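> Got a sequence here, can you build the structure:
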Amino acid sequence: MRMRAPRAFFVAAVLAAACGGDAVPAADAAADPANAASPLTWRIGQEPLVSVGVASGEPAYELDGVHTVARLPDGGVVLLDRREPHVRVFDAAGRHEAGFARDGAGPGELRAGDPRRTRVPFMLLVSGDTIRVGTGARFARYLRDGTYLGDDEHPAEPGQRLPWQPFGVRGHTVHPRAVTAYNAAIPGALASRPVPDSTLLLAYVRPAADGLLWVGPLLAEGAAPWEIVDARGRTVARVEVPADFVVHASGTDWVAGVFRDSMDVEYVQVRSLEAPLPPGTERLAAAEGGAVAATEVPPEVLEAHREMASFLRNLVSRQELHYGDPRNDFRYAASLAELRFEAPEGYRFQMPAAHQTGWSGIIRHEATGAACVMATGNALVPGVTPGVVSCY
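Numbering: from 1, shown residues only. Here you go, the predicted structure:
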């Protein structure tokens, strides 16, 4: 029997640039989506157009810890999996074409990155029929048939981040992944949207390739409501994502992602998307050539990261002491009050989960919106390596 990774429930989200707070001219008011009585409703198809995966059978179709799903220009599917070969390519009908990118130090092999990543390559980038996969600043390039083309190096100095790495803006953690052309526009859109309130300290953000935004909470169990947001930060539609389906990528009439059945077997699926848009919807303007250069992280954000990381590491020690005390029934504390511990002044803390097998915590700096997350055991958080502080 194959050992499966614990399931992490998450909702991805996407944001983009606002064009400022300009008032809408009276002549255009009727066409402004913000003036609609209510956002339109999008619907994700219940049955897949393409489905890849088996409970047991041919190894190429057995999936175990899918990290990223992308769609090729001809409708084919490429995925990044925890198991080797890490990259697998399927045609538009779901038939296996190629598998490549194995662990190793030779040509076309992936060097071991951070061992705490459980050997999952950090990123999958797709451009036409060229596929790049890597563990951070180094990417190996392949054709879709697995032909190795060479490596790309993208060094970043301390205090910098690469465009495909997560970053934070006003209480939102942005995971651009392969969609980096809109990065410069994201802070503008977030400027016009509210900072997550006390019940949601951190929102999960992911740009969509069609220039619109999918916005939702960092953690969700059950069917999850997403907001579709345009380039001016306006909610133009809403869509409910089924509880057993996680969206990784989307287009104008399709979504691609991971479905888990009642036996917790993974399938990569492409489903139809009914996506009407109101008049006046504005899509993101992409940066010419995409975003490829490292960018500076503001000093005040780096300082907040250090303060929050220190707090979370101290919290780990206190939680372990609490867990080891038989009077606490060998469970982790569900609040700071139980631990007689407080967040630093100017920061807000939330503990989304705490039980006998793990806990998770989120802390946000109010002045900058920067945030750090820690997850342990089975209290998983999307995009966060268990036991490691992740800051945005």
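
> Provide the strand pairings for the helix or strand where Leu273 lies, with the direction of each partner.
Leu273 is part of strand 266-274 when elements are defined by DSSP states H and E. If you go by DSSP bridges, strand 266-274 pairs up with strand 40-52 (antiparallel), strand 254-260 (antiparallel).

> So for Ala353, which of those sits nearest?
strand 254-260 (19.0 Å; C-beta to C-beta). C-beta: built from backbone N, CA, C; applies to glycine.

> Quick one: residues in contact with the closest one.
Here strand 254-260 makes contact (C-beta atoms under 8 Å, 6 or more residues apart in numbering) with 7, 44, 48-49, 51, 53, 66, 69-71, 77, 244-250, 266-273.

> Just the buried residues of the residues you listed.
Neighbour counting with 16 or more other C-beta atoms under 10 Å marks 44, 48-49, 51, 53, 66, 69-71, 77, 245-250, 266-271, 273 as buried within these.

> re the thing from before, now the strand holding Leu273, how far from the centre of its chain.
17 Å (C-alpha atoms, centre = their mean, to the nearest Å).

> swap in stretch 241-248?
With C-alpha atoms, centre = their mean, you get 13 Å for stretch 241-248.

> end to end, how far does it reach?
Taking C-alpha to C-alpha, to the nearest Å, stretch 241-248 runs 12 Å from one end to the other.

> mean confidence for that stretch?
Over the span of stretch 241-248, the pLDDT mean works out to 87.

> same deal with stretch 376-392?
For stretch 376-392, the mean pLDDT works out to 78.

> got the buried residues for stretch 317-325?
318-319, 322-323.

> Return the closest of those with respect to Leu213.
Distance to Leu213, by C-beta to C-beta, is smallest for Gln319 among those, at 35.3 Å.

> contacting residues around that closest one?
Residues near Gln319 by C-beta under 8 Å, 6+ apart: 332-333, 339, 359, 376.

> In strands only, show me those.
Trp359 (DSSP state E).

> Tabulate the contacts of Gln319 in a markdown table, adding columns for neighbour count.
A markdown table is the format used below for the contacts of Gln319 (neighbours: other C-beta atoms under 10 Å):
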| residue | neighbour count |
| --- | --- |
| Tyr332 | 24 |
| Ala333 | 20 |
| Leu339 | 18 |
| Trp359 | 25 |
| Thr376 | 21 |
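
> So which of the contacts of Gln319 sit within helices?
Under the assignment DSSP state H, the contacts of Gln319 contribute Leu339 to helices.

> Go through the contacts of Gln319 and name the one with the lowest pLDDT.
Note: of the contacts of Gln319, the lowest pLDDT belongs to Thr376, at 88.

> Enumerate every residue touching the closest residue to that residue other than its chain neighbours.
Closest residue to Thr376 apart from its sequence neighbours, by C-beta to C-beta, 6 or more residues apart in numbering: Gly358 at 4.6 Å. By C-beta under 8 Å, 6+ apart, the residues touching Gly358 are 332, 375-380, 386.

> List just the nearest of those residues to Gly128.
Nearest to Gly128 out of the contacts of Gly358 is Leu380 (C-beta to C-beta; 33.6 Å).
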